[in-house]
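Student: pasting the sequence and the predicted coordinates here, then a few questions.
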Amino acid sequence: MSRTSRSRTAVGALVAAALLAAAGASVPAFAGSSAPPPARSGANGPAYDRVADFYGAYIDAVTDETSGRLDSQLRTFYLTKDLRTRLAKWESHEHADGVLRAQNVPSAWKVTAGDSGAGHTWSTVRLTWGSAQHPTYLTVRSDLATKKISDIKAKS
């Protein structure tokens, strides 16, 4: 390699490094702070995590009218067969969605872990409808062995 070729290679590398540094300096900081941008992650954790996964995906599926049969497929995957049968009867009688215990879709949800015993664990699901001042609370039971949701009731 000639001296001229080495010089051009070195100059090219310096220019590339300067361009990368300038590009990095022009990336805006998140909301004017040094905090990292928001991130989400997941793991195969406790049953209430599965309840949260289900409610998040289910609400997205029923909100998106183009999702096809995704809401039904999510029910098949996350809910026990017995619960799906009982929900169908409840929905026929109440003319509402048995998972949400409502005729419309909430604007937000939150799942909190509860007690466990006798092979089950209970979670509290908070559904917010428009105003955060009047949420609906559900008690959701999951089987510890399968992590499938086996009951959904309005919290009394």
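Tutor: Yep, that arrived.

Student: what sits closest to Lys155 if chain neighbours are left out?
Tutor: Distances taken as Cβ to Cβ, 6 or more residues apart in numbering place Tyr137 nearest to Lys155, at 3.9 Å, with adjacent residues excluded. All C-beta atoms are positioned from the backbone trio N, CA, C, and that covers glycine.

Student: what helix or strand is that neighbour on?
Tutor: Assignment of secondary structure by DSSP states H and E places Tyr137 within strand 131-143.

Student: which parts of that strand are buried?
Tutor: 136, 138, 140-142 (16 or more other Cβ atoms under 10 Å).

Student: just the helices in this structure please.
Tutor: For the chain, the helices defined by DSSP state H occupy 3-25, 47-63, 70-78, 81-94.

Student: centre-most residue in the chain?
Tutor: Gly56 (4.1 Å; Cα atoms, centre = their mean).

Student: pretty sure it sits against Lys110.
Tutor: No. Using Cβ atoms under 8 Å, Gly56 makes no contact with Lys110, being 10.3 Å away.

Student: quick check: Lys153 touching Thr139?
Tutor: Yes. In this structure Lys153 lies within contact range of Thr139 using Cβ under 8 Å: 5.1 Å.
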